[in-house]
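> dropping a prediction and its sequence here:
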Amino acid sequence: MASGTRTWREAAEAALYGPGGFYRRPEGPAGHFRTSVHASPLYAGAVVELLRRVDAALGHPAELAFTDVGAGRGELVAGVLDRCPPELAGRLRPYAVEIADRPDRLDERVTWLDAPPDGVQGLLFANEWLDNVPLDVAEADGEGTPRRVLVREDGEELLGDPVAGEDATWLDRWWPLEGAPPGSRAEIGHPRDTAWARAVGSLRAGLAVAADYAHECAARPPFGTLTGFREGREVRPVPDGSCDITAHVALDACAGAGASLTSQREALRALGVDGSRPPLALASEDPAAYVRALGAAGEAAELTAPGGLGAFGWLLQPVGLASPLL
């Protein structure tokens, strides 16, 4: 390995989660980009509806867990608690999983952890978490051989050794590069497969959901998706802690037995998020209600937009449940 270089996985791990890393900064992720959670409280409402369905499928257990993985500053778990119906509130055990410190004003009912709690039953929800699990990047050289991409702290890249071992096995199965045109890239996703399997394994019974930027094997992007974000703008990925470093997720590779994949648009619609305009008659009957309904419809439309948030992938992995929940 050339002096001063690291693999992208090593560099991103330090830049995002090391001392002084991007995800340890006081402003949190919401200071730099807007997720579905921040776009509308309708998103938390949809998660509550899914939680209600999980509760029914489990037979209304005495204790029901909601685990928010990649919790940021606890926005989603707080929204779920705000909208939790009375029949769930007394039995709900909310957990937030994040490497950053617990926010000062978070509801005291929330247990703050750095890993999902083991042996619980309920709903585990990972909103835009897997795209920030660091991974390595491979690029086809002039002969079409996949080589590991190395990076310096200033973002300068160079090619390293040919990809081998479990990384090569993963590429062959999920994102083949052998013989690809020079410059073709792939992001080696097995660390995400492992992270997701561990998260799912924390459930004794229930449902695990990953909602994220995603692609599937039949349509992998030819030059990869690794990028950076800072203050609401996409920027060059530089692993110095100054920006988010993210790459879309091969959710089909993460999926275990019995899992299903859908779009956020379809998932939210099935959970009651409707972007249709309210009837005009409501405007004369109850103008205030019409304005509220119009605002909610606009938020729902943003969450389900096919060219935006609605295009996110949802991976649903049941644990000990037979019936579909969407």
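Everything's here; your move.
> how far does stretch 234-249 stretch from start to finish?
End-to-end distance of stretch 234-249: 17 Å, with CA to CA, to the nearest Å as the criterion.
> equivalent analysis for stretch 118-138, please.
34 Å.
> and residue 121, what does it touch?
Applying CB atoms under 8 Å, 6 or more residues apart in numbering, we find residue 121 in contact with 58, 61, 63-65, 203-206. Quick note: C-beta positions are derived from backbone N, CA and C, even for glycine.
> rerun that using 6 Å as the cut-off
58, 61, 204-206 (CB atoms under 6 Å, 6 or more residues apart in numbering).
> pull the number of nearby residues for residue 35.
18 (other CB atoms under 10 Å).
> for residue 93, see how far away it is.
24 Å (CB to CB, to the nearest Å).
> so what's the residue count around the nearest residue to residue 148 once chain neighbours are set aside?
In space, residue 148 comes closest to residue 160 once its chain neighbours are excluded; the distance is 4.3 Å by CB to CB, 6 or more residues apart in numbering. Residue 160 is flanked by 19 other residues according to other CB under 10 Å.
> doesn't residue 160 fall inside a strand?
Yes: residue state for residue 160 (DSSP: H, G, I helix; E, B strand; the rest coil) corresponds to a strand.
> burial count for the residue nearest to residue 41 when sequence neighbours are not counted?
Excluding the flanking residues, the one nearest residue 41 by CB to CB, 6+ apart is residue 79, at 5.9 Å. Neighbour count of residue 79, defined by other CB under 10 Å: 21.
> again, but for residue 152
Neighbour tally, residue 152, other CB under 10 Å: 17.
> can you check the one 3 residues further on too?
Using other CB under 10 Å as the criterion, residue 155 is surrounded by 15 other residues.
> and residue 297, what are its phi and psi?
phi -60, psi -40 (degrees, to the nearest 10).
> now it: how far from residue 214?
26 Å.
> just the buried subset of the contacts of residue 121, written out for ChimeraX, thanks.
Here is the ChimeraX command that selects the buried residues among those (16 or more other CB atoms under 10 Å):
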select :58,61,205,206
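> which one of the contacts of residue 121 is nearest residue 198?
residue 204 (14.4 Å; CB to CB).
> pull up the pairing partners for the host helix or strand of that closest one, direction included.
Following DSSP states H and E, one finds residue 204 within strand 203-212. Under the criterion DSSP bridges, strand 203-212 sits next to strand 120-127 (parallel), strand 313-319 (antiparallel) in its sheet.
> what mean pLDDT does that strand get?
Averaged over strand 203-212, pLDDT sits at 98.
> use 492 as the first number from now on
Got it, first residue is 492 now, which makes that one strand 694-703.
> which of the three states applies to the residue nearest to residue 532?
Assignment for residue 570 (three-state DSSP): helix.
> please say which of residue 788 and residue 705 ends up with more neighbours.
residue 705 (23 against 17).
> can you count the residues close to the nearest residue to the more buried one once chain neighbours are set aside?
Spatially, and ignoring its direct neighbours in sequence, residue 705 is nearest to residue 804 (3.0 Å; CB to CB, 6+ apart). Close neighbours of residue 804, defined as other CB under 10 Å, add up to 23.
> how close does residue 804 sit to residue 584?
For residue 804 relative to residue 584 (CB to CB), the value is 28 Å.
> look up how far residue 542 lies from the residue nearest to residue 532.
On the measure of CB to CB, residue 570 and residue 542 end up 12 Å apart.
> is residue 608 in a helix, a strand, or coil?
Classified using three-state DSSP, residue 608 is coil.
> excluding covalently adjacent residues, which one is nearest to it?
Closest to residue 608 by CB to CB, 6+ apart is residue 586, at 5.4 Å.
> got the contact list for that neighbour?
Taking CB under 6 Å, 6+ apart, one finds 558, 602, 604, 608 in contact with residue 586.
> any of the residues you listed buried? List them.
558, 608.
> spatially central residue for this protein, please.
For the chain, the residue nearest the mean C-alpha position is residue 619 (2.2 Å; CA atoms, centre = their mean).
> domains for the chain, by residue range?
Recorded structural domains for the chain (assignment: automatic domain parsing) are 525-625+680-705+740-810, 627-677.
> low-confidence ranges, this protein, go.
Along the chain, the parts satisfying pLDDT under 70 run over 492-494, 518-524, 769-775, 777-778, 780-781, 784-786.
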